[in-house]
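Q: what's the 3D shape of this:
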Amino acid sequence: MEVCPPTLSTLPTELLLQILDLSLCCHPIPSSILCLNYPIYVLAFPILYEHVRFHSTRGMSEFALFDGDDLIAIEKDRLRIPVRISTVSVEKVNEYGVFDALKGVFERTVGWLRAMDTWKRAHELEYAMRSLAPEKGNEKGQRDTIQQVSLDELSLCLHSHTRNPRLEAVYEALALVNPTKFTWTGPDPDHHFSTAIVPQATFHLFQALRHWSHLTHLKITNIAFPNFAFSNIVFAHPSMLVHQNAVNTPSRLLPVGSPLPRELQSIYIGQATFVPAELIARIACSSFLDEHEKDVKVGGGLHEIRLVDVYVESIWERRMRRGDVERAGVELLRGWWQDVAGEREGDAEYEEKMRKCEMEVVKRIRGVVRCEAKTERIMGGDRVERVGTLE
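A: Coordinates of the predicted model:
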């Protein structure tokens, strides 16, 4: 009996999904796969739009022009098609307009989510029942308007450009998302030390980071930091530990800084230049003061800051050591103490409490900061005896 070779239609669904996943990843025009037949369309659609990959600004522009009618139509047909985009990756797009194009993608996605949310609410029995209930204040059974795209991961592998006249688009695009994991690396190999995130882009990146309430893991490499202070952008001051240690200081005298996202657990910074140790100290000692409670939760869930091939100035200068961060944290605390101590300067009891606070700052930094040397040059610059941890 002649055995017929298997076809796509005869393959198990689990195997077919794996084949489609690989095909959509490497196909130059992934949407063409959806045109094979309707069963393939049903299976491939969620893969294509759940894990979105961009390799050009043209692809982003075409994505932004997609009107989203298919999303709503599929939901109406009760097919098991997820409409939530889970991950977005942009790889090796070396064009000035990449962040303007990315902004268009996220604006369109926000529009889809709002449209889907409106459609679902209009067809939910629970929503219908709530709408018939008496109004309570400003509530009418309505949800908050969607302002950001929640993502499991946003990954960028591309260069920004100093001469780009629209670098503020970095903030405009990234403020439209709320990723759980964010990665921005350079497209060059590790041994080729290059700057993918220029200083102006770094500033806009950290401005956008303030809006990422879901962020748990942050990884940025090939980055140059700007030569101005970050103190008023995102990070708290080590003197917040003074409040934790019950030093009697009026809260109005404590430095004000916007905290890191509460859910942030780990930070990885690699191949970075002009990184101020003060900034790392502020990150390590970041505290969250709940306006409704009197206690301070130090550092939230942040338990690791890895600094790999991070330089205090250019790559021809020395790498950052953990001791640099410890000294910066203590100096910040002492400078603040001198400003607010006033008539209490010289008070033995007060100075003893401040000494304990300094020890707390050092303990905190040693608990979360890890400086490492990974890629060593053949000659010149900061030579380390062995690749590994830098104390």
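Q: Please make it C-alpha for all contacts and neighbour counts, starting now.
A: Noted.
Q: can you give me phi and psi for the closest residue to residue 313 other than its chain neighbours?
A: Once flanking residues are discounted, residue 313 sits nearest to residue 274: 4.0 Å by CA to CA, 6 or more residues apart in numbering. Phi and psi for residue 274, reported as degrees, to the nearest 10, are phi 60, psi 40.
Q: What's the separation between residue 274 and residue 162?
A: 16 Å (CA to CA, to the nearest Å).
Q: higher neighbour count, the two?
A: residue 274 (19 against 15; other CA atoms under 10 Å).
Q: my guess is the more buried one contacts residue 316, does it?
A: No. Judged on CA atoms under 8 Å, residue 274 makes no contact with residue 316 at a distance of 11.1 Å.
Q: Assign the closest residue to residue 56 other than its chain neighbours to helix, strand or coil.
A: Nearest non-adjacent residue to residue 56, counting by CA to CA, 6+ apart: residue 93, 5.5 Å away. At residue 93 the chain is in coil, as set by DSSP: H, G, I helix; E, B strand; the rest coil.
Q: Kindly state the pLDDT recorded for residue 93?
A: What the model reports for residue 93 is a pLDDT of 84.
Q: Run through the residues that contact the residue nearest to residue 313.
A: 224-227, 311-314 (CA atoms under 8 Å, 6 or more residues apart in numbering).
Q: Looking at those residues, which has the smallest pLDDT value?
A: residue 227 (75).
Q: ok but residue 183 is inside a strand, no?
A: Yes. According to three-state DSSP, residue 183 belongs to a strand.
Q: didn't it look like it was pressed against residue 216?
A: No. Residue 183 is beyond contact range of residue 216, at 11.4 Å (criterion: CA under 8 Å).
Q: Compute the distance between residue 354 and residue 324, please.
A: Residue 354 is 20 Å from residue 324, by CA to CA.
Q: Can you pick out the residue with more neighbours from these two?
A: residue 354 (20 against 17).
Q: Any idea how many residues pack against residue 349?
A: 10.
Q: should've said residue 360
A: For residue 360, using other CA under 10 Å, the count is 19.
Q: cool, residue 335 as well?
A: 11.
Q: helix/strand/coil for it?
A: Once three-state DSSP is applied, residue 335 turns out helix.
Q: just residue 179 next, same as before
A: strand.
Q: Now render the contacts of residue 274 as CSV, adding distance to residue 170 and neighbour count.
A: Shown next, in CSV, are the contacts of residue 274 (distance: CA to CA, whole Å; neighbours: other CA atoms under 10 Å):
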residue, distance to residue 170, neighbour count
224, 15, 25
225, 15, 21
226, 15, 17
227, 19, 12
311, 24, 24
312, 25, 20
313, 24, 18
314, 24, 15
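Q: which residue ranges form the helices in this protein?
A: For the chain, the helices defined by DSSP state H cover 13-26, 38-50, 57-65, 69-76, 98-122, 125-132, 169-174, 199-209, 240-244, 277-284, 322-341, 348-368.
Q: What residues sit buried inside the first one?
A: Read it as helix 13-26. 16-17, 20-21, 24 (16 or more other CA atoms under 10 Å).
Q: who does it touch, helix- and strand-wise?
A: Packed against helix 13-26 by the contact rule (3 or more CA pairs under 8 Å, 6 or more residues apart in numbering; DSSP states H and E) you find helix 38-50.
Q: tell me what the helix it packs on is packed against?
A: helix 13-26.
Q: still on that earlier bit, so can I have TSV of the helices of the chain showing mean pLDDT and distance to residue 87?
A: Compiled in TSV, the helices of the chain are given as follows (pLDDT from 0 to 100; distance: least, CA to CA, whole Å):
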stretch	mean pLDDT	distance to residue 87
helix 13-26	85	13
helix 38-50	82	7
helix 57-65	84	14
helix 69-76	49	17
helix 98-122	81	12
helix 125-132	52	29
helix 169-174	94	14
helix 199-209	91	17
helix 240-244	48	36
helix 277-284	88	27
helix 322-341	81	34
helix 348-368	83	28
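Q: Arrange the ones you listed in TSV, one row each, with distance to residue 391 as further columns.
A: Formatted as TSV, those follow (distance: least, CA to CA, whole Å):
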stretch	distance to residue 391
helix 13-26	42
helix 38-50	43
helix 57-65	43
helix 69-76	53
helix 98-122	38
helix 125-132	58
helix 169-174	34
helix 199-209	26
helix 240-244	23
helix 277-284	13
helix 322-341	5
helix 348-368	10
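Q: how distant is stretch 17-31 from the center of its chain?
A: 27 Å (CA atoms, centre = their mean, to the nearest Å).
Q: Run through who's touching that stretch.
A: Contacts for stretch 17-31 (CA under 8 Å, 6+ apart): 33, 43-44, 47-48, 53.
Q: Could you identify which of the residues you listed has the most neighbours?
A: Going by other CA under 10 Å, residue 44 tops these with 25 neighbours.
Q: residues contacting it?
A: 17, 20-21, 33-34.
Q: nearest to residue 199, of the buried residues of helix 13-26?
A: Proximity of the buried residues of helix 13-26 to residue 199 (CA to CA) peaks at residue 24, which lies at 35.1 Å.
Q: The most centrally placed residue in the chain and residue 4: what is the separation?
A: With distances taken as CA atoms, centre = their mean, residue 182 lies nearest the centre of the chain, 3.7 Å away. Applying CA to CA, the value for residue 182 to residue 4 is 47 Å.
Q: Cheers, nothing more for now.
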